[in-house]
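In: Mind looking at a prediction? Sequence and model below.
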Amino acid sequence: MGGNFAQDLALSTIPLDQQIAMHLQGNHYPPVPLTMLQPCLYAIEACNEENYNRQIELPKGVLWRGQSTAPAHAIVEGHHLESWLLQEQEIE
(Lines give C-alpha, C1' and ligand atoms only; values in the text may rest on other atoms or scores of the structure.)
Protein backbone atom coordinates (compact mmCIF):
# COMPACT_ATOMS: atom_id res chain seq x y z
CA MET A 1 0.00 0.00 0.00
CA GLY A 2 1.59 3.31 1.04
CA GLY A 3 3.15 5.37 -1.72
CA ASN A 4 1.63 3.45 -4.61
CA PHE A 5 -1.84 3.74 -3.10
CA ALA A 6 -1.34 7.49 -2.61
CA GLN A 7 -0.24 7.90 -6.24
CA ASP A 8 -3.22 5.89 -7.45
CA LEU A 9 -5.58 7.99 -5.35
CA ALA A 10 -4.04 11.24 -6.63
CA LEU A 11 -4.63 10.12 -10.23
CA SER A 12 -8.19 8.96 -9.60
CA THR A 13 -11.44 10.79 -10.27
CA ILE A 14 -12.45 10.54 -6.61
CA PRO A 15 -13.01 14.02 -5.09
CA LEU A 16 -9.85 15.39 -3.47
CA ASP A 17 -11.25 15.51 0.06
CA GLN A 18 -12.21 11.83 -0.19
CA GLN A 19 -8.78 10.94 -1.59
CA ILE A 20 -7.04 12.59 1.34
CA ALA A 21 -9.44 11.05 3.87
CA MET A 22 -8.75 7.59 2.43
CA HIS A 23 -5.01 8.26 2.52
CA LEU A 24 -5.04 9.50 6.12
CA GLN A 25 -7.09 6.53 7.29
CA GLY A 26 -5.58 3.80 5.11
CA ASN A 27 -1.92 4.72 4.70
CA HIS A 28 -1.05 5.58 8.28
CA TYR A 29 -0.85 3.49 11.41
CA PRO A 30 -2.45 4.45 13.56
CA PRO A 31 -4.87 6.20 11.19
CA VAL A 32 -4.65 9.99 11.20
CA PRO A 33 -7.85 11.51 12.66
CA LEU A 34 -10.05 13.12 10.05
CA THR A 35 -9.84 16.38 12.00
CA MET A 36 -6.57 16.76 10.04
CA LEU A 37 -8.36 16.57 6.68
CA GLN A 38 -8.89 20.32 6.23
CA PRO A 39 -5.37 21.29 7.38
CA CYS A 40 -3.97 18.74 4.90
CA LEU A 41 -6.05 20.23 2.08
CA TYR A 42 -4.85 23.74 2.99
CA ALA A 43 -1.24 22.52 3.11
CA ILE A 44 -1.48 20.94 -0.35
CA GLU A 45 -2.97 24.16 -1.71
CA ALA A 46 -0.25 26.29 -0.12
CA CYS A 47 2.57 24.10 -1.41
CA ASN A 48 1.06 24.05 -4.89
CA GLU A 49 1.19 27.85 -4.71
CA GLU A 50 4.85 27.55 -3.62
CA ASN A 51 3.95 29.06 -0.25
CA TYR A 52 5.66 26.32 1.77
CA ASN A 53 5.87 28.29 4.99
CA ARG A 54 2.21 29.36 5.11
CA GLN A 55 1.00 28.76 8.65
CA ILE A 56 -1.93 26.35 8.75
CA GLU A 57 -4.24 26.32 11.77
CA LEU A 58 -4.35 22.91 13.44
CA PRO A 59 -7.44 21.34 15.03
CA LYS A 60 -8.08 21.98 18.71
CA GLY A 61 -5.76 19.84 20.80
CA VAL A 62 -3.25 19.25 17.99
CA LEU A 63 0.12 20.97 18.32
CA TRP A 64 3.20 21.14 16.13
CA ARG A 65 6.34 21.87 18.13
CA GLY A 66 4.14 23.34 20.84
CA GLN A 67 2.26 25.64 18.45
CA SER A 68 -1.35 25.57 17.22
CA THR A 69 -0.19 26.20 13.65
CA ALA A 70 2.27 24.41 11.39
CA PRO A 71 3.97 25.40 8.14
CA ALA A 72 2.40 23.86 5.06
CA HIS A 73 5.56 21.93 4.18
CA ALA A 74 5.61 20.23 7.60
CA ILE A 75 2.03 19.02 7.16
CA VAL A 76 2.75 17.74 3.64
CA GLU A 77 5.90 15.94 4.78
CA GLY A 78 4.42 14.61 8.00
CA HIS A 79 1.34 13.21 6.31
CA HIS A 80 3.06 12.00 3.12
CA LEU A 81 1.00 14.22 0.81
CA GLU A 82 3.62 14.65 -1.92
CA SER A 83 1.52 12.71 -4.44
CA TRP A 84 -0.96 15.61 -4.49
CA LEU A 85 1.58 18.28 -5.34
CA LEU A 86 1.26 19.55 -8.89
CA GLN A 87 4.90 18.85 -9.61
CA GLU A 88 7.73 17.33 -7.68
CA GLN A 89 9.11 20.17 -5.65
CA GLU A 90 12.01 20.54 -3.30
CA ILE A 91 10.19 21.54 -0.12
CA GLU A 92 12.30 23.53 2.30
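Out: Nice, thanks for sending it over. Numbering: from 1, shown residues only.
In: who touches the most centrally placed residue in the chain in this structure?
Out: Geometric centre of the chain, nearest residue: Cys40, 3.6 Å, by Cα atoms, centre = their mean. Cys40 is in contact with 20, 24, 75-76, 79, 81, counting by Cβ atoms under 8 Å, 6 or more residues apart in numbering. Heads up, the C-betas are built off the backbone N, CA and C, glycines and all.
In: quick one: which of the residues you listed sit in helices?
Out: Using DSSP state H, the members of those that fall in helices are 20, 24, 75-76.
In: Let me know the closest of the residues you listed to Arg54.
Out: Proximity of the ones in helices among the contacts of Cys40 to Arg54 (Cβ to Cβ) peaks at Ile75, which lies at 9.8 Å.
In: Now that the closest one has come up, it's in contact with Thr69, right?
Out: No - in this structure Ile75 lies outside contact range of Thr69 using Cβ atoms under 8 Å: 9.9 Å.
In: Mutual contacts of the two, please.
Out: Residues touching both Ile75 and Thr69 (Cβ under 8 Å, 6+ apart) are Ile56.
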